[in-house]
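[1] Mind looking at a prediction? Sequence and model below.
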Amino acid sequence: MAASLAAFGQAVIGPPGSGKTSYCLAMRDLLVGLGRRVSVVNLDPANEGPPYPCAVDVGELVTLADVMAALGLGPNGGLLYCMDYLHANVDWLRARLAGLPGHYFLFDCPGQVELGTHHDALRAVFARLAQWGVRLAAVHLVDSHYCTDPAKFISVLCTSLATMLHVELPHVNLLSKMDLIEQFGKLAFNLDYYTEVLDLSYLVDHLASDPFFRHYRRLNEKLVQLIEDYSLVSFIPLNIQVPPWRRGGDGAPPSLQLPTAEREDEAGPLRPRPREGVPLPAPDTCPPPQDKESLRRVLQAVDKANGYGFGEQEQRSLEAMMSAAMGADFHFSSTLAVQEKYLQPPEREDERP
Ligand SMILES: Nc1nc2c(ncn2[C@@H]2O[C@H](COP(=O)(O)OP(=O)(O)OP(=O)(O)O)[C@@H](O)[C@H]2O)c(=O)[nH]1
Ligand SMILES: [Mg+2]
């Protein structure tokens, strides 16, 4: 029997565009800063030229473009085929991971929703990883702006629950892009109502004030009852980018220091390295600095979920200890502080035009 890989990692999943690839880049930078040896594994056959240094790329095995051209499939069918192909050739993945002993893996997964809710290939790949000794937590991202629309938020809850039940891994749900949460309107309730998924009957009442949704009240009642019966879904707010009003003078708060020089050699800079043939962005189009504080809170939950936090692996660096100390404040997401941090402050009377 082949030796166990004995590793920890995160399977980063979620709907298209929810921020999975950006999360992998930012989480990698954070983990490298903590002294972990990290490898990002791109499992998305449509992800050409990911922004992070890619240790293992499914594109070496199969790409969506090739499958679509060779089999005449559309993008959705093509992606499902690619994932079935990966599952059928999963030993390729094992051989690649075996070449990275002692590494912490971040798996950047494709965004097709059915892969998380009912298609079998991705779940089967995760099950094989578990058999090989890779202890995974699923990190499931959904766009936070859905909170501003009660109907969409109910569907987000249903999708998250279905994914948790289907993927069968320890699970951490994230509300991503907190800087955009109120982009399409104000929240009807405090932020902790959405992160803790509190009494959902208020949401149904709120929805019933819309003449269109009044007809679907009983359906919505049944859906929220199902979610509450399982009592599994809750969210941690995540913001990869620092909101402009919190950036201060030069745009970067003091907590967002770049890694030290020797770390930078090992890890690469906080922002993506320029790739060959890709022009450098102009200074004003550089990606905004990352919100490390928000990422650390996510890491706390993930370390508990996959068991990493209960081992001896972490080097006792100051940053690692600070990161651990933040665990004492795990109910952060239910406090007013998080609301003040991530939501635009309300307009003051004297500032209104
Ligand atoms: N404002 C803001 N934008 C973000 C944040 N995180 C990601 N984005 C943007 O969201 C878009 C999609 O991000 P990706 O990381 O490519 O999302 P993805 O889930 O990997 O997308 P697919 O692989 O296509 O499913 C990009 O334009 C990112 O720059 C965030 O915290 N705030
Ligand atoms: Mg992606």
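    Structure's in. What do you need? Worth saying up front: this structure is predicted, and the values here are computed from it rather than measured. Numbers count the residues shown, from 1 in each chain. Ligands and ions are numbered 1, 2, ... in the order given.
[2] Centroid-nearest residue for this structure?
    Among the residues of the chain, the one closest to the centroid is residue 141, at 4.2 Å (Cα atoms, centre = their mean).
[3] Could you pick out the residues of this protein near ligand 1 for me?
    14, 16-22, 44, 47, 111, 176-177, 179-180, 239-241 (Cβ under 6 Å from any ligand atom). Every residue, glycine included, has its C-beta placed from N, CA and C.
[4] and stretch 21-39, how far from the chain's centre?
    12 Å (Cα atoms, centre = their mean, to the nearest Å).
[5] Okay, buried residues for it please.
    Neighbour counts over stretch 21-39 (16 or more other Cβ atoms under 10 Å) mark 21-36, 38-39 as buried.
[6] List the ones among those residues that fall in helices.
    The helices, defined by DSSP state H, take in 21-33 from those.
[7] neighbouring contacts of the longest helix that the chain contains?
    Of all segments of type helix in the chain, defined using DSSP H, the longest is helix 150-167. Applying Cβ atoms under 8 Å, 6 or more residues apart in numbering, the contact partners of helix 150-167 are 11, 13, 15, 113, 116-118, 122-123, 126, 138, 140, 142, 146-147, 171, 173, 188, 194, 197, 200, 203, 206-207, 213, 220, 223-224, 226-227, 230, 232-233, 235.
[8] Buried residues of that helix, list them for me.
    Result for helix 150-167 [16+ other Cβ under 10 Å]: buried residues 150-151, 153-154, 156-161, 163-164, 166-167.
[9] rewinding a little: could I have the ChimeraX command that selects the buried members from the contacts of helix 150-167?
    To isolate the buried ones among these in ChimeraX, judged by 16+ other Cβ under 10 Å, type:
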select :11,13,15,116,117,122,123,126,138,140,142,146,147,171,173,188,194,197,200,203,207,213,220,223,224,227,233,235
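[10] Helices - which of the contacts of helix 150-167 land there?
    By the criterion of DSSP H, membership of the contacts of helix 150-167 in helices covers 113, 116-117, 122-123, 126, 194, 203, 206-207, 213, 220, 223-224, 226-227, 230.
[11] Correct me if wrong: residue 207 contacts residue 220.
    Yes. Counting by Cβ atoms under 8 Å, residue 207 does reach residue 220; the two are 5.9 Å apart.
[12] low-scoring stretches of the protein, by residue?
    For the chain, applying pLDDT under 70 flags the ranges 1, 242-290, 312-338, 341-342, 344-353.
[13] Can you name the residue of it nearest to ligand 2?
    Nearest residue of the chain to ligand 2 (Cβ to the ion) works out as residue 21 at 3.3 Å.
[14] show me what contacts that residue?
    Applying Cβ under 8 Å, 6+ apart, the residues near residue 21 are 44, 47, 50-52, 108.
[15] one more time with 10 Å, if that's ok
    Contact analysis of residue 21 by Cβ atoms under 10 Å, 6 or more residues apart in numbering lists 12, 40, 42, 44, 47, 50-52, 108-109, 111.
[16] swap in residue 307?
    For residue 307, the contact set (Cβ under 10 Å, 6+ apart) comprises 8, 135-137, 170.
[17] Only whichever of those are buried, select them in PyMOL.
    Selection of buried members from these for PyMOL, criterion 16+ other Cβ under 10 Å:
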select buried, resi 8+135+136+137+170
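[18] The contacts of residue 307: which ones sit near ligand 2?
    Residues of these in contact with ligand 2 (Cβ under 5 Å from the ion): none.
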